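> Pasting the sequence and the predicted model now:
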Amino acid sequence: MTNTNYPSATPTTPSQPPKSKNTKNLVIGLLAAGLLGTWGYLLYDKNKAEKTINDQQASITKVTDEKSELQANFNSSLARLDSITGANNNMQGEKSNLQKEIDAKKIEIRKILNDKNASQAQLAKARTMIADLNSKISGLEEEVTRLTGENQVLYASNTSLQQEKVDLETNLTTRTTEKEELEKTVDVASTFSASNIQVVPVDEKRSGKEKTQTTSKKVDKLVVSFDVENRVAKSGPADMYLIVTAPDGKIVLGAGVLNTRTDGDKNFTAKIPIEYVQGERKPIQFPIRQEDFQTGNYKIEIYHNGFKIGEGVRSLKKGGLFG
């Protein structure tokens, strides 16, 4: 029979394989899309991470560069300060007054510069502190310049004063030399001159009477008399020195040593103090006594102010007196 009551085969049975194929394709497509999405997300995330890293690296580089710049500026500031104080020791006091503040700033600045994780705010603070330090150093430089100028003026003035001092000392030396020469001249000029020198042998009688004698055995004393005068010497005391040399060459009655200006040291017989009135002639008389007078020549020398101002000779002979 060609016609049956059994249902006939469905026309879709042959199309089931295409439906399974489409599902498979759909799953594959979804997996591919998911995979592509995952790859895209991973690529995006990677790019985002790289950008973050690059941004961080740039930030680190920027911070590093800023720190290097700040460190260089800070070192330059310290070098300026050392140069200022080293070039002018007179600024040492100013440096000391500023040193506490500078030391405090240096500690804080170095702390910031040495901090690897220093923030932009900290770097900005360091920059401000360095700028303030440079400002103070600039003020110090101006003060050094001013003081240097004043020092130069003072140096010039001191040099001038030193030269004036040298000139004054030279003039003083000249004046002193002239004064000494004048004093020497006055000293020499004030030396008395002796005149009217006489030596008289005298015999003293028991009665007190005196008589000029002719023989040496009867002479009891030699009376030396002379006049002194000087118009330069001021009124006042003066000393005359008398040197009497016996015929045997010995000094009669040696009383001391006289330092003469031309004849060296000499023993003297007597020192005769007088009171002199300027411009007047002063008569002087002095007796030379001894037990026995020798026969021969007695030399009489008169000294004043170290100079010999007169001399005379008196002869005593056994048989009489000659003069």
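Sure, I can see it. Numbering: from 1, shown residues only.
> so A118 is in which element?
Remark: A118 resides in no helix or strand, with elements defined by DSSP states H and E.
> same deal with Y155?
Using DSSP H and E, Y155 falls within helix 120-189.
> Contacts for the helix or strand following that helix, please.
Downstream of helix 120-189, the first helix or strand assigned by DSSP H and E is strand 193-204. By Cβ atoms under 8 Å, 6 or more residues apart in numbering, the surrounding residues in contact with strand 193-204 are 210-213, 216, 218-230, 287, 293, 298, 300, 302, 304, 309-314, 316, 321, 323. To be clear about C-beta, it is placed using only N, CA and C from the backbone, and glycine gets the same treatment.
> Filter those residues down to the buried ones, PyMOL style.
To isolate the buried members of these in PyMOL, using 16 or more other Cβ atoms under 10 Å:
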select buried, resi 213+216+219+220+221+222+223+224+226+227+228+229+230+293+298+300+302+304+309+310+312+314+316+321
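> Next step: the contacts of strand 193-204 restricted to helices.
When the contacts of strand 193-204 are checked against helices using DSSP state H, none is located there.
> which stretches of this protein form strands?
Ranges of strands in the chain, per DSSP state E, are 193-204, 210-212, 221-229, 236-245, 256-259, 265-268, 270-276, 282-289, 296-304, 307-316, 321-322.
> how about those, which one is nearest I130?
strand 256-259 (83.5 Å; Cβ to Cβ).
> Check G323 and give its pLDDT.
With respect to pLDDT, G323 scores 40.
> Oops, could you answer that again for T214 instead?
So, for T214, pLDDT stands at 70.
> Can you give me the domain assignment for the chain?
With domains defined by automatic domain parsing, the chain comprises 23-189, 194-322.
> highest average neighbour count across those?
Among the domains of the chain, ranked by average contacts under mean count of other Cβ atoms under 10 Å, first place goes to domain 194-322 (a mean of 15).
> From the chain's centroid, how far away is it?
63 Å (Cα atoms, centre = their mean, to the nearest Å).
> Now render the strands of the chain as a markdown table, adding distance to T52.
Conversion of the strands of the chain to a markdown table gives the following (distance: least, Cβ to Cβ, whole Å):
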| stretch | distance to T52 |
| --- | --- |
| strand 193-204 | 125 |
| strand 210-212 | 147 |
| strand 221-229 | 126 |
| strand 236-245 | 117 |
| strand 256-259 | 113 |
| strand 265-268 | 116 |
| strand 270-276 | 122 |
| strand 282-289 | 128 |
| strand 296-304 | 121 |
| strand 307-316 | 118 |
| strand 321-322 | 147 |
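> Among the ones you listed, which comes closest to D115?
That would be strand 256-259 among the strands of the chain, by Cβ to Cβ, at 92.3 Å.
> Give me the sheet partners of that closest one and which way each runs.
strand 265-268 (antiparallel) (DSSP bridges).
> Render the CA-only coordinates of the partner strand in CSV, please.
Taking Å, rounded to 0.1, in the frame of the first residue of the first chain, the C-alpha atoms of strand 265-268 are listed here in CSV:
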residue,chain,number,x,y,z
ASP,A,265,141.2,110.3,81.7
LYS,A,266,143.6,112.3,84.0
ASN,A,267,144.2,112.4,87.7
PHE,A,268,143.5,115.8,89.1
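> quick revisit: lowest average pLDDT across the domains of the chain?
Among those, domain 23-189 scores lowest, with a mean of 78.
> what about that domain, start to end distance?
156 Å (Cα to Cα, to the nearest Å).
> Start and end of stretch 210-224, how far apart?
For stretch 210-224, the end-to-end distance is 15 Å (Cα to Cα).
> got the contact list for that stretch?
Outside stretch 210-224, the residues that reach it (Cβ under 8 Å, 6+ apart) are 197-205, 242, 244, 285-289, 292-295, 298, 300, 314, 316-321.
> what do you get if the cut-off is 6 Å, keeping everything else the same?
Stretch 210-224 has contacts (Cβ atoms under 6 Å, 6 or more residues apart in numbering) with 199-204, 286-289, 293, 295, 300, 316, 320-321.
> can you tell me which of these lies nearest to I112?
Nearest to I112 among those, with distances taken as Cβ to Cβ, is F286, at 106.9 Å.
> list the contacts for that closest one?
V224, I272.
> do I28 as well
I28 touches nothing, counting by Cβ under 6 Å, 6+ apart.
> Roughly how far does it sit from N259?
147 Å (Cβ to Cβ, to the nearest Å).
> what does F226 give?
Taking Cβ to Cβ, one finds F226 at 22 Å from N259.
> I60 too?
For I60, the distance to N259 - Cβ to Cβ - is 101 Å.
> likewise V277?
27 Å.
> try N171
Following Cβ to Cβ, the distance that separates N171 from N259 is 34 Å.
> Please apply the same query to S157.
From S157 to N259 the distance is 51 Å (Cβ to Cβ).
> So A246 sits against L253, correct?
No. The pair A246 / L253 is not scored as a contact, 9.9 Å apart, by Cβ atoms under 6 Å.
> quick one: contacts for G312?
I197, V199, I300.
> Could you quantify the relative orientation of the longest helix seen in the chain and helix 120-189 as an angle?
The residue-count maximum for a helix in the chain (DSSP H) belongs to helix 16-87. On the basis of axes from the mean of the first three to the mean of the last three Cα atoms, to 10 degrees, helix 16-87 is oriented at 10 degrees to helix 120-189.
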